[in-house]
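>>> Predicted model and sequence follow; I will ask about them next.
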Amino acid sequence: MKRMNYAGSAFEHLTGISLTALPLNVRLPLAAFGITMVATGFCWGVEEARIDAALRSAEAYAARAAALDPAADRARAAAADVARLRTVARTIRDAEGSGARSAGRIARITGALPDDVWLSAIRTDKGTVSLEGRALHLEGVANALDALGRLDEYAGVRLTSARSEARRASVIYGLALDPAR
Amino acid sequence: MIDAARALWYAAGGVTLTSALVFGTVVHERVTAARAHAGALAQRVADDDRIVARSARVRAERAELLRELGARPRAGDSGAMVRFLSDAAANARAHRVTVEQIDPAPPRDPEPSALVATPLDVTLQGRYTDVLHTLSALSRGAVPARVELETLARKDSAPDDAMLEAALRVTLLTMPPNPRRAFAPAATTALRALPRPALPFRSEEPR
């Protein structure tokens, strides 16, 4: 015996649309379409809520930033002043140490020279130090080149001249120390 | 003609594809922009908080530096040159060195720190150790000075003569007449609006 269900479905009751009135082959695509629409709407709502939340939080930050701005601007200006003042103080400290640094450089150069090598002049120009002097032998000039080449603060040492002076039985030399880059 | 079932399948597929496209581009862009806006403002608030929190320490350091630098000799004040010359004479006497010559020199490079620079060519005469000691002392006088040795040579050509002549470039560094205004304008003048970091949106940006 065939059983009949005469009670209407909840969907039919809510929407007034009778699914049973639709052909069977339409019901599944219709359901898929409906689900797609609902899912799209749901996703849209979620994304809108996320955008709203981000903008609400941005507004709160903007209000706090506006309240903080005057104090922050004053603090930034004071920090800029301090940076300028520190530069000035550093420049003065650097200048106060410049004489001792110059003297130290000269002392290191003269201290590095072998005993049989003498200096007659030191000249500095843009970091390059030129030396002129006298040595008993050419070996003394070679030893001076070797010793000065080991000073860390210079990139290298060059021989600029060397000539023997028969009258005094010595060698007059010229050397140049190039500044380290 | 396509039947109703096929049309519904196509419609469902179309809606799915269109949604994916719209969410992947337009909506994603809006979400990203809104978050970037909030992030930039949060960063600005964090920066402001940090700098305001340490402002008392910064102001105290500024006052200390102004006090220290304000006590230094000022430009346009003949007292600075008087003090330098007195110091130079005292140093020369103490180290048995003769100050042969002091001449104003043309400036070479502009002073980068806004200090007022007065360059001088100074010639000293003395023994090696004494000249080096004087060199060191000259830069540490009452008037800060940058001292550079240009030449150090035997005074005469005689090799046994221990007297040396040193040519120095001495640059006196003095404060500008109003150091507070020159170096710390925010401590003296009314604060003008400072440039703010650029933000992707204004706070009143419409959603």
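On my side now, so go ahead. Numbering: from 1, shown residues only, chains lettered A, B, ... in the order given.
>>> Buried residues of stretch A:89-109, list them for me.
Buried residues in stretch A:89-109, counted by 16 or more other C-beta atoms under 10 Å in any protein chain shown: A:89, A:91-92, A:95-103, A:105-106, A:109. Quick note: C-beta positions are derived from backbone N, CA and C, even for glycine.
>>> roughly how far apart are A:Pro179 and chain B?
As judged by C-beta to the nearest C-beta, to the nearest Å, A:Pro179 and chain B stand 13 Å apart.
>>> Would you check that B:Glu143 makes contact with B:Arg74?
In this structure residue B:143 is Val, not Glu. No. Here B:Val143 does not reach B:Arg74: they are 10.3 Å apart, not a contact under C-beta atoms under 8 Å.
>>> what's the longest helix in the chain?
Assuming you mean chain A. Longest helix in chain A, counting residues (DSSP state H): helix A:24-96.
>>> hmm, I had chain B in mind actually
Longest helix in chain B by number of residues (criterion: DSSP H): helix B:28-53.
>>> Could you figure out how far the following helix or strand past that helix is turned away from helix A:24-96?
Later in the chain than helix B:28-53, the nearest helix or strand by DSSP states H and E is helix B:55-70. Helix B:55-70 runs at 20 degrees relative to helix A:24-96, counting by axes from the mean of the first three to the mean of the last three C-alpha atoms, to 10 degrees.
>>> Which elements pack onto helix B:55-70?
helix A:24-96, helix B:179-183 (3 or more C-beta pairs under 8 Å, 6 or more residues apart in numbering or on different chains; DSSP states H and E).
>>> Tell me if the last one is near chain A.
Yes. Using C-beta under 8 Å from any C-beta of the partner chain, helix B:179-183 reaches chain A at B:Phe183.
>>> Quick check: buried residues in the lowest-mean-pLDDT helix or strand in chain B?
Every helix and strand of chain B was ranked by mean pLDDT, DSSP states H and E. The lowest is helix B:179-183, at a mean of 77. Buried residues in helix B:179-183, counting neighbours by 16+ other C-beta under 10 Å, are found at B:Pro179, B:Arg180, B:Ala182, B:Phe183.
>>> likewise stretch A:129-147?
Those would be A:129-136, A:140-145, A:147, for stretch A:129-147 by 16+ other C-beta under 10 Å.
>>> Between helix A:24-96 and the next helix-or-strand element following the longest helix of chain A, find me the angle.
Counting by DSSP H and E, the next helix or strand C-terminal to helix A:24-96 is helix A:98-112. Orientation note: helix A:98-112 sits at an angle of 80 degrees relative to helix A:24-96 (the same axes, to 10 degrees).
>>> For helix A:98-112, name the packing helices and strands.
strand A:117-125, strand A:128-135, helix A:138-149, helix B:128-138, strand B:145-154.
>>> Distance to B:Pro110 and mean pLDDT for these - can I get that in JSON lines?
JSON lines is the format used below for these (distance: least, C-beta to C-beta, whole Å; pLDDT from 0 to 100):
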{"stretch": "strand A:117-125", "distance to B:Pro110": "20", "mean pLDDT": "92"}
{"stretch": "strand A:128-135", "distance to B:Pro110": "23", "mean pLDDT": "94"}
{"stretch": "helix A:138-149", "distance to B:Pro110": "34", "mean pLDDT": "93"}
{"stretch": "helix B:128-138", "distance to B:Pro110": "23", "mean pLDDT": "94"}
{"stretch": "strand B:145-154", "distance to B:Pro110": "14", "mean pLDDT": "93"}
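>>> where are the low-confidence patches of chain B?
Applying pLDDT under 70 to chain B flags residues B:1-2, B:112, B:156-161, B:187-207.
>>> Is any residue of the lengthiest strand in chain A near chain B?
If you go by DSSP state E, chain A has its longest strand at strand A:154-165. No. Using C-beta under 8 Å from any C-beta, strand A:154-165 stays clear of chain B, coming no nearer than 10.8 Å.
>>> among the buried residues of stretch A:129-147, which are within reach of chain B?
For chain B, the contacts drawn from those by C-beta under 8 Å from any C-beta are A:Glu132, A:Arg134.
>>> quick one: pLDDT of the closest residue to chain B within chain A?
Of all residues in chain A, A:Ala62 sits closest to chain B, at 2.9 Å by C-beta to the nearest C-beta. According to the prediction, A:Ala62 has pLDDT 90.
>>> Quickly list the domain ranges of chain A.
A:7-112, A:115-179 (automatic domain parsing).
>>> Ranked by average pLDDT, which of the ones you listed falls at the bottom?
Looking at those, the bottom one is domain A:7-112 with a mean of 88.
>>> Just give me how far the least confident helix or strand of chain B sits from the chain centre.
14 Å (C-alpha atoms, centre = their mean, to the nearest Å).
>>> just checking, what packs against it?
With contacts defined as 3+ C-beta pairs under 8 Å, 6+ apart, helix B:179-183 has these neighbours: helix A:24-96, helix B:55-70.
>>> so which of these comes closest to B:Ser136?
helix A:24-96 (10.2 Å; C-beta to C-beta).
>>> burial measure for the nearest residue to A:Ala75 once chain neighbours are set aside, as a count.
Leaving aside its chain neighbours, A:Ala75 sits nearest to B:Ser55 (3.6 Å; criterion: C-beta to C-beta, 6 or more residues apart in numbering or on different chains). B:Ser55 sits with 18 neighbouring residues when counted by other C-beta atoms under 10 Å in any protein chain shown.
>>> list the contacts for B:Ser55?
A:Ala71, A:Arg74, A:Ala75, A:Ala78 (C-beta atoms under 8 Å, 6 or more residues apart in numbering or on different chains).
>>> Which ChimeraX command selects the buried ones in those?
Paste this into ChimeraX to select the buried members of the contacts of B:Ser55, with burial taken from 16+ other C-beta under 10 Å:
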select /A:74,75,78
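>>> one step back: make JSON lines out of the domains of chain A and add distance to B:His28.
Below are these laid out as JSON lines (distance: least, C-beta to C-beta, whole Å):
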{"stretch": "domain A:7-112", "distance to B:His28": "8"}
{"stretch": "domain A:115-179", "distance to B:His28": "57"}
